[in-house]
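# sequence? don't have it. structure:
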């Protein structure tokens, strides 16, 4: 048997397959989730996995999950990220997923999702916010965090991406150091993430998933603000896809 989880986010698509074969890969989502799902199907076939085979089960999740027309099941991001986090960090864990278009915080207790909060109304506090601000500072994302590490954070008070960008333009005009602005940007995103956790009592261990899961500095900033141990995991970006693949194994094929 082959169990496949496909997590199509707004920025990147993640695929996790296990069973007879072990396959994992990430690719840009691009402009069309439909085209992305077709590319994934071709890539899996090139890896020796034919999704038309009766011994293959597929679960799709994420922003573009409905575009995966060959999926046996389509399951929400909350459920899949919670299941994936359980696989990576244990039965009792908090989950922070900063995605391209939304941010999710999830509480997993005894292996089940107990509570969650999601910011899907505004790009402030998401990966898109960081991308916009990095472009304004003429750096890439890794460089933004490297600068933030050595900067003295300055306040970015606006709750809207457009107004926050105006604040940054003003700081640039004043000649403020780029590293200080970068530190302010990262701190602003961290504050918005922490704000989502208001009514969720996280356990001692929290895992950072999604696109920022490979940034130790961001995990450290969140750890300090939450007074919890926020961990990076080498497979953190795949959490949604891992959860989807596990659920593919646990469900009966239609």
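Done, it's in. Everything numeric in this text was worked out from a predicted model, so none of it was measured.

# which phi and psi values does residue 94 adopt?
The phi/psi pair for residue 94 (degrees, to the nearest 10) reads phi -100, psi 150.

# so who does it touch?
105, 106, 107, 108, 197, 200, 202, 203, 205, 206, 207, 228 (CB atoms under 8 Å, 6 or more residues apart in numbering). C-beta coordinates here come from the backbone N, C-alpha and C atoms, glycine included.

# buried set for the helix or strand containing residue 146?
Per DSSP states H and E, residue 146 falls inside helix 141-150. Within helix 141-150, the residues scored as buried using 16 or more other CB atoms under 10 Å are 141, 144, 145, 146, 147, 148.

# what does stretch 90-99 give?
Buried, per 16+ other CB under 10 Å, within stretch 90-99: 92, 93, 94, 95, 96, 97, 98, 99.

# quick one: end-to-end distance for that stretch.
22 Å (CA to CA, to the nearest Å).

# bridged to the residue positioned nearest the centre of the chain, which residues?
Centroid-nearest residue in the chain: residue 210, 2.2 Å away (criterion: CA atoms, centre = their mean). Using DSSP bridges, the bridge partners assigned to residue 210 are residue 98.

# contacting residues around it?
Residue 210 touches 9, 97, 98, 99, 127, 236, 237, 239, 240, counting by CB under 8 Å, 6+ apart.

# kindly recompute the last result at 10 Å.
Taking CB atoms under 10 Å, 6 or more residues apart in numbering, we find residue 210 in contact with 7, 9, 11-12, 14, 77, 81, 95-100, 102-104, 126-127, 236-240.

# now, those that are in strands?
Per DSSP state E, strands hold the following members of these: 7, 12, 14, 95, 96, 97, 98, 103, 104.

# excluding its backbone neighbours, what's nearest the fourth one?
In space, residue 95 comes closest to residue 106 once its chain neighbours are excluded; the distance is 3.9 Å by CB to CB, 6 or more residues apart in numbering.

# cool, and the last one?
Distances taken as CB to CB, 6+ apart place residue 97 nearest to residue 104, at 4.5 Å, with adjacent residues excluded.

# doesn't residue 206 make contact with the one you found?
No. Counting by CB atoms under 10 Å, residue 97 stays clear of residue 206, with 11.0 Å between them.

# shared neighbours, those two?
With CB under 10 Å, 6+ apart, residue 97 and residue 206 have common neighbours 85, 105, 106.

# pick the one among the residues you listed closest to residue 175.
Closest approach to residue 175 among those (CB to CB): residue 105, at 36.7 Å.

# so who does the closest one touch?
Taking CB under 10 Å, 6+ apart as the test, what residue 105 contacts is 94-98, 115-119, 193-198, 200, 202, 206, 226.

# if we can go back for a sec, now the buried residues of helix 141-150 as CSV including distance to residue 178 and pLDDT?
What follows is those, written out as CSV (distance: CB to CB, whole Å; pLDDT from 0 to 100):
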residue, distance to residue 178, pLDDT
141, 14, 93
144, 10, 96
145, 13, 96
146, 11, 96
147, 6, 97
148, 10, 97
